[in-house]
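J.: sequence unavailable; structure follows:
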């Protein structure tokens, strides 16, 4: 009897401790704006999908929070030799992978095999996972990695040697981008043997500060803290509350149902700034919102037509109504805070009468077109539907009838990249601090095929040649001259219509500490805490 009583007391005490631990667990809720396409950064290019995967993974190098400075991560150090063509990474010892919610338990630590596996998946067509989940690696390809890489080998389990065919100035910053995320080769083998390789991209396993728990599409993503190489996060549970409407996000923030939110409605900024419970953070955005004109769909292959559209759209009115002053009109594809920005560029004026003359000169009358608008709010475009409506009205004044089109976010991106649109709104937030990271959006490969992110499908050889030359140089002054020439080429060919560089606002509850606005639009929570 006595033993049973002691057992009951022990069980009761254990239950009380578990209940106390659960009650004391800290949760951080982030009100995100959309559902991810999947959880493999190598396959994605949208901030929505990349944000959803960032808690789980690490890269060889990654940016210090709130900065453009790459620092060692899974690689504890690296050395560049052979005139910039060889990079030797010394890997961090004792790094653990998460266990998967699908029964995977790692039997070894992170090593060189995981690095080689991760890059080979994107690089080599015969890789067992090359075609899994569609096998599209746009970032890797558009950054020119297939042409740049010569080999990736290991000299031992903790040393990886990456050889390049030529020096590449932004390579370390590029490797801090999300496409260079490192995965578990052992997890991939586990799923392949199980017959469910597609789970690799939907049930993520990494070395990051949070491990994946579950995902309910269009509703919530749950993560839990992982005590890994970077130390245990300050919160126990990280929750993405998927909330597409900015007004609803703000309501949740005010009610403390979330503590961090993305992309506030510009109309709410004044009230947020006065709210005693909210910290309204802001900084100039490393971004561009633009209108692509698909040259594979006549008459947009005619320069006069693209010029006419640039003249027909009242961007000052858009800046006032859509951005409500939280940004500036863009005349270049890179923001003015970025080195090599060309102040000498003469922007397109708003001139409907001149636009009509150019359309007449091009032999274009009663033009019918579509105009695609994004179904989500992005830092570079706070209200794409309203922007499209204003553009539609402007185009009507010069005799162009535009039909507005939109799709679910993932579908929208895929169809734009496939070139189904005539006119399409999109934008970009830089993710490595180098001008090349913007110019590649208008790039083409060596065969003259547009890069996946080149939505206008326009290949200008001089632009592309300059881009490749700049990548091979390390002298900033020389690269600046080339990039300024490229801005003139971009303008003169109307490779897309620059609309605005926005100011990025990120409101948090005042109970939140340690959160920093990323210049790349990333939302990262390793160092974030929430007061009780």
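T.: Perfect, thanks for sending it. Treat the numbers as computed from the prediction; the structure is a model and nothing was measured.

J.: in the chain, where is pLDDT below threshold?
T.: 1-24 (pLDDT under 70).

J.: which strands and helices sit next to the longest strand belonging to it?
T.: What stands out as the longest strand in the chain, according to DSSP state E, is strand 497-509. Contacts defined by 3 or more Cβ pairs under 8 Å, 6 or more residues apart in numbering; DSSP states H and E place strand 497-509 against helix 246-254, strand 260-261, helix 269-274, strand 278-284, strand 287-293, helix 303-312, helix 315-321, strand 327-329. Every C-beta, even on glycine, is put in place using the N, C-alpha and C of the backbone.

J.: strand partners (parallel or antiparallel) of the very next helix or strand once past it?
T.: Later in the chain than strand 497-509, the nearest helix or strand by DSSP states H and E is strand 512-513. Strand pairing for strand 512-513, using DSSP bridges, gives strand 529-530 (antiparallel).

J.: which ones are touching the closest residue to residue 516 other than its chain neighbours?
T.: Excluding the flanking residues, the one nearest residue 516 by Cβ to Cβ, 6 or more residues apart in numbering is residue 66, at 3.3 Å. Neighbouring residues of residue 66 by Cβ atoms under 8 Å, 6 or more residues apart in numbering: 516, 517, 518, 519.

J.: pretty sure the first one contacts residue 65?
T.: This points to residue 516. Yes - the pair residue 516 and residue 65 qualifies as a contact (Cβ atoms under 8 Å) at a distance of 4.9 Å.

J.: mind putting the helices and strands packed on strand 497-509 into CSV with mean neighbour count?
T.: Formatted as CSV, the helices and strands packed on strand 497-509 follow (neighbours: other Cβ atoms under 10 Å):
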stretch, mean neighbour count
helix 246-254, 19
strand 260-261, 25
helix 269-274, 14
strand 278-284, 16
strand 287-293, 26
helix 303-312, 23
helix 315-321, 17
strand 327-329, 19
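
J.: and the ones you listed: which comes nearest residue 44?
T.: Closest approach to residue 44 among the helices and strands packed on strand 497-509 (Cβ to Cβ): strand 287-293, 17.5 Å.

J.: got the angle for the closest one vs strand 497-509?
T.: The directions of strand 287-293 and strand 497-509 differ by 140 degrees, with axes from the mean of the first three to the mean of the last three Cα atoms, to 10 degrees as the criterion.

J.: strand 287-293 vs helix 303-312, what angle?
T.: Angle of strand 287-293 versus helix 303-312, following the same axes, to 10 degrees, is 130 degrees.

J.: tell me which other helices or strands strand 287-293 touches.
T.: helix 303-312, strand 423-429, strand 497-509.

J.: what pairs with that strand, parallel or antiparallel?
T.: Here strand 287-293 has these sheet partners by DSSP bridges: strand 423-429 (antiparallel), strand 497-509 (antiparallel).

J.: and residue 406, which of the ones you listed is closest to it?
T.: strand 423-429 (9.4 Å).

J.: what residues does the next helix or strand after that closest one touch?
T.: Where DSSP H and E defines the elements, the next helix or strand beyond strand 423-429 is helix 436-439. For helix 436-439, contacts defined as Cβ under 8 Å, 6+ apart pick out 169-170, 173, 288, 333-334, 338, 428, 430-431, 463, 467, 470-471, 483, 486, 490.

J.: ok, then the element right after helix 436-439?
T.: helix 461-471.

J.: just to revisit the earlier point, which residues do residue 516 and residue 65 both contact?
T.: Counting by Cβ under 8 Å, 6+ apart, the shared contacts of residue 516 and residue 65 are 524, 527.

J.: and whichever strand or helix holds residue 411, what does it pack onto?
T.: Residue 411 is located in helix 409-417, with elements delineated by DSSP H and E. When contacts are defined as 3+ Cβ pairs under 8 Å, 6+ apart, helix 409-417 packs onto strand 367-372.

J.: buried residues in stretch 218-229?
T.: The neighbour-count check on stretch 218-229 (16 or more other Cβ atoms under 10 Å) flags 220, 221, 223, 224, 225, 226, 228, 229 as buried.

J.: these two touch, right, the fourth one and residue 235?
T.: No - look at residue 224 against residue 235 with Cβ under 8 Å: they stay out of range, at 9.6 Å.

J.: quick one: residue 293 from residue 452, how far?
T.: Residue 293 sits 17 Å away from residue 452, going by Cβ to Cβ, to the nearest Å.

J.: actually residue 388, not the one I wrote
T.: Remark: distance between residue 388 and residue 452 (Cβ to Cβ) = 23 Å.

J.: more neighbours: the two, which one.
T.: residue 388 (24 against 17; other Cβ atoms under 10 Å).

J.: contacts only, for the closest residue to the more buried one other than its chain neighbours.
T.: Using Cβ to Cβ, 6+ apart and skipping the chain neighbours, the partner closest in space to residue 388 is residue 373 (3.7 Å). By Cβ under 8 Å, 6+ apart, the contact list for residue 373 reads 384, 385, 387, 388, 404, 405, 406, 425.

J.: let's go with 10 Å and repeat that
T.: By Cβ atoms under 10 Å, 6 or more residues apart in numbering, the contact set of residue 373 is 381, 383-389, 391-392, 404-407, 412, 423-426.

J.: tell me how many other residues crowd residue 245.
T.: Counted with other Cβ under 10 Å, residue 245 comes out at 11.

J.: quick check: it touching residue 383?
T.: No - Residue 245 lies out of contact with residue 383 (Cβ atoms under 10 Å); the separation is 11.5 Å.

J.: list residues touching both of these two?
T.: Common contact partners of residue 245 and residue 383 (Cβ under 10 Å, 6+ apart): 265, 377.

J.: quick one: the strands in the stretch 101-250 of the chain, in order.
T.: Here the stretch 101-250 of the chain has its strands, by DSSP state E, counting those that start in this stretch, at 149-156, 159-164, 210-216, 220-225, 237-242.

J.: tabulate those (TSV), appending distance to residue 51.
T.: Putting the strands of the stretch 101-250 of the chain into TSV (distance: least, Cβ to Cβ, whole Å) gives the following:
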stretch	distance to residue 51
strand 149-156	27
strand 159-164	27
strand 210-216	12
strand 220-225	10
strand 237-242	8
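
J.: to residue 458, which of those lies closest?
T.: strand 149-156 (26.9 Å).

J.: and that closest one, what does it pack against?
T.: Packing contacts for strand 149-156, counted by 3 or more Cβ pairs under 10 Å, 6 or more residues apart in numbering; DSSP states H and E, involve strand 86-91, helix 112-123, strand 159-164.

J.: I'd like to know which of these lies nearest to residue 321.
T.: Ranking the helices and strands packed on strand 149-156 by proximity to residue 321 (Cβ to Cβ) places helix 112-123 first, at 41.3 Å.

J.: got the buried residues for that closest one?
T.: For helix 112-123, the neighbour count (16+ other Cβ under 10 Å) marks 112, 114, 115, 116, 117, 118, 119, 120, 121, 122, 123 as buried.

J.: next, the contact list for the fourth one, please.
T.: Under the criterion of Cβ under 10 Å, 6+ apart, the contact list for residue 116 reads 123, 151, 152, 153, 154, 160, 162, 182, 185.

J.: again, 6 Å this time
T.: By Cβ atoms under 6 Å, 6 or more residues apart in numbering, the residues touching residue 116 are residue 152.

J.: so how far is residue 181 from it?
T.: Distance of residue 116 to residue 181, computed by Cβ to Cβ: 14 Å.

J.: cool, thanks, signing off.
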